[in-house]
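> heads up, no residue letters with this:
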């Protein structure tokens, strides 16, 4: 087996060796007890080997007996170690020029369950798990087509991890495929734990808080991305798929938008888009108006505001930052605690602390309402990363509003818009179809048109095949008796 394998075996406590023909015999079976399915070892491989005449047996005879092919022959030591670490069983015969491996189901992974983060009312209820093979099977159940292409890549020097690159041959633009492949192959990292880590390594602008590649735990959403020309990446050990290129407007799309009627989907998308602006600008507007622009407040409301703030010793800027900080602290504490306790802390803590802060005179009732609306709006985004980015960006805009009033908000939003216009995703414009303006893609952006309008695939992905279906036939609705 070689000195390299022996050194690896000496520091691998879960490596098991079965001597089929007795201690010191010429046939041995290797497997990792923490990775391989031991039922396969003891109920399939070993019994069949023990039925053979081991004094004269050859590897081709063993291959025929246990049912393996020439593709399962291993000639190099590093191949043996890789197969063992993936949970397979290795069979070694002394004086043979190669060894063979037998595939094992390995240790069972988490069962397929409903999505936890991307919940839905309509549509499929399954989600990706931590097994790459299971995730591939979930996608192939939807796309039973030879056009679905699968490339197996590896990334990580110290702990290499398997990565699946998926795309639709004849639909997906090969420039996007090559860009994604090249960025993964060029990685110089020790290892990759999750798809979210890989996204940070391959996105266009590593200093931007906005998600430039979408991660999803839903197979149906991933399949929809493949069918419209996106490139998909799956990572071993991660329950999320990476999709790209993507656009800013796609961050407001929920999976079940495709399952609702178009008017309902359009209303919900407009609601989500509006909520993001509310989350970003409502508290800064409060600070700017109370600090510099009292004349903009109606007289009746001004009296109510004056009464509410009569006992508050802090200026609006400090008051807003204090309350926004408390809200973020409650959110973070609720997310880190166990589910049932976290929900209780979030609800009870918000009520108790909010009421206590008002009674103590640290803030006004109106700001409590405004901050609560802003926090609620930030969670309306289907993309968690976008909501997190909005919550962080809210603080510098509040500071600008406290320093320069409405002009500060305009300055902050101008810098933000400039940043968004400069962003790209796999080299494609991030703000398309808004900038550059593309009317053909507007039908599935902030609003969603009826499905009959979706004959053309989105041009942001530069698909090779532009048409999903014939637009003339797609719009025909003939009765059966015509």
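Yes, it's here. Remember, it's a predicted structure, so these values are computed and weren't measured experimentally. Residues are numbered from 1 along each chain as shown.
> quick one: low-confidence ranges for the stretch 201-350 of the chain?
339-350 (pLDDT under 70).
> how about the strands in it?
Ranges of strands in the stretch 201-350 of the chain, per DSSP state E, counting those that start in this stretch, are 214-216, 231-235, 241-244.
> which of these sits closest to residue 412?
Closest to residue 412 of the strands of the stretch 201-350 of the chain, according to Cβ to Cβ: strand 214-216, at 25.8 Å. Backbone N, C-alpha and C define where each C-beta goes, glycine included.
> which strands or helices does the closest one pack on?
In terms of contacts (3 or more Cβ pairs under 8 Å, 6 or more residues apart in numbering; DSSP states H and E), strand 214-216 is packed against helix 195-202, helix 219-227, strand 241-244.
> now these in CSV, with distance to residue 332 and mean neighbour count?
What follows is the helices and strands packed on strand 214-216, written out as CSV (distance: least, Cβ to Cβ, whole Å; neighbours: other Cβ atoms under 10 Å):
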stretch, distance to residue 332, mean neighbour count
helix 195-202, 18, 18
helix 219-227, 27, 23
strand 241-244, 26, 25
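> which one, of the ones you listed, ends up nearest to residue 187?
helix 195-202 (5.8 Å).
> from residue 444, how far out is the closest residue to residue 143 other than its chain neighbours?
Once flanking residues are discounted, residue 143 sits nearest to residue 223: 5.9 Å by Cβ to Cβ, 6 or more residues apart in numbering. Going from residue 223 to residue 444 by Cβ to Cβ, to the nearest Å gives 16 Å.
> please name the residues that touch residue 100.
59, 62, 63, 68, 72, 73, 74, 90, 91 (Cβ atoms under 8 Å, 6 or more residues apart in numbering).
> repeat that for 7 Å
Shown in contact with residue 100 (Cβ atoms under 7 Å, 6 or more residues apart in numbering): 59, 62, 63, 68, 72, 73, 74, 91.
> quick check: phi and psi at it.
Geometry field for residue 100 lists phi and psi as phi -130, psi 150, criterion degrees, to the nearest 10.
> who does it form a beta bridge with?
For residue 100, the beta-bridge partners under DSSP bridges are residue 73, residue 91.
> which residues does the residue lying closest to residue 140 once chain neighbours are set aside bridge with?
Residue nearest to residue 140 in three dimensions, not counting chain neighbours: residue 148, with 7.0 Å by Cβ to Cβ, 6+ apart. Judged by DSSP bridges, the bridge partners of residue 148 are residue 168.
> what about the stretch 51-200 of the chain, any weak spots by pLDDT?
Low-confidence segments of the stretch 51-200 of the chain (pLDDT under 70): 105-109.
> and the strands in it?
Counting by DSSP E, counting those that start in this stretch, residue ranges of the strands within the stretch 51-200 of the chain are 73-74, 89-93, 99-102, 148-155, 161-168.
> so which elements touch the second one?
For strand 89-93, the contact count by 3 or more Cβ pairs under 7 Å, 6 or more residues apart in numbering; DSSP states H and E identifies strand 27-32, helix 77-85, strand 99-102 as packing neighbours.
> nearest to residue 227, of the ones you listed?
Residue 227 sits nearest to helix 77-85 of all those, at 33.4 Å, using Cβ to Cβ.
> distance from the longest helix anywhere in the chain to the middle of the chain?
The longest helix of the chain (DSSP state H) is helix 262-292. A distance of 25 Å separates the centroid of the chain from that of helix 262-292, by Cα atoms, centre = their mean, to the nearest Å.
> distance to residue 193 added to the strands of the stretch 51-200 of the chain, as TSV?
Supplementary listing: the strands of the stretch 51-200 of the chain in TSV, determined by distance: least, Cβ to Cβ, whole Å:
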stretch	distance to residue 193
strand 73-74	28
strand 89-93	27
strand 99-102	26
strand 148-155	11
strand 161-168	8
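> show me the domain layout of the chain.
Following automatic domain parsing, the chain resolves into domains at 3-102, 132-246, 262-428.
> which of those sits most buried?
Among the domains of the chain, domain 132-246 has the highest mean neighbour count (mean count of other Cβ atoms under 10 Å), at a mean of 19.
> just checking, residue 282 touches residue 373?
Yes - in this structure residue 282 lies within contact range of residue 373 using Cβ atoms under 7 Å: 6.1 Å.
> who's in contact with the residue nearest to residue 140?
Contacts of residue 148 by Cβ under 7 Å, 6+ apart are 140, 166, 168.
> how far away is it from residue 168?
Taking Cβ to Cβ, one finds residue 148 at 6 Å from residue 168.
> related to what we said a few turns ago, so which of the helices and strands packed on strand 89-93 gets nearest residue 354?
Of all the helices and strands packed on strand 89-93, helix 77-85 sits nearest to residue 354, with 52.4 Å by Cβ to Cβ.
> give me the residues contacting the closest one.
Residues outside helix 77-85 that contact it (Cβ under 7 Å, 6+ apart): 2, 4, 5, 8, 30, 31, 32, 35, 74, 90, 99, 101.
> list the contacts for the closest residue to residue 33 other than its chain neighbours?
Sequence neighbours aside, residue 14 is the residue nearest to residue 33 in space, at 4.7 Å (criterion: Cβ to Cβ, 6+ apart). Residues in contact with residue 14 (Cβ under 7 Å, 6+ apart) are 32, 33, 34.
> check what pLDDT residue 14 gets.
Model confidence at residue 14, given as pLDDT, is 78.
> now do residue 411
pLDDT recorded at residue 411 is 95.
> list the contacts for it?
400, 404.
> helix or strand for it, which one?
Assigned by DSSP states H and E, residue 411 falls within helix 406-422.
> distance from that helix to the middle of the chain?
28 Å.
> count the neighbours of residue 443 for me.
By the criterion of other Cβ atoms under 10 Å, residue 443 has 17 neighbours.
> wait, what's in contact with it?
Counting by Cβ under 7 Å, 6+ apart, residue 443 touches 449, 453, 454.
> same check, this time on residue 222
By Cβ under 7 Å, 6+ apart, the residues touching residue 222 are 139, 216, 232, 241, 243.
> so which of the contacts of residue 443 wins on neighbours?
The residue in the contacts of residue 443 with the most neighbours, by other Cβ under 10 Å, is residue 454 (18 neighbours).
> and that residue, how far is that from residue 440?
Here residue 454 is placed at a distance of 11 Å from residue 440 (Cβ to Cβ).
> same deal with residue 80?
From residue 80 to residue 440 the distance is 54 Å (Cβ to Cβ).
> against residue 251, how distant is the spatially most central residue of the chain?
Geometric centre of the chain, nearest residue: residue 215, 2.2 Å, by Cα atoms, centre = their mean. Distance, residue 215 to residue 251, using Cβ to Cβ: 11 Å.
> residue 370 too?
Distance, residue 370 to residue 251, using Cβ to Cβ: 24 Å.
> repeat for residue 263
Separation of residue 263 from residue 251 (Cβ to Cβ): 21 Å.
> same question, residue 203
Applying Cβ to Cβ, the value for residue 203 to residue 251 is 14 Å.
> for residue 275, same thing?
As defined by Cβ to Cβ, residue 275 lies at a distance of 12 Å from residue 251.
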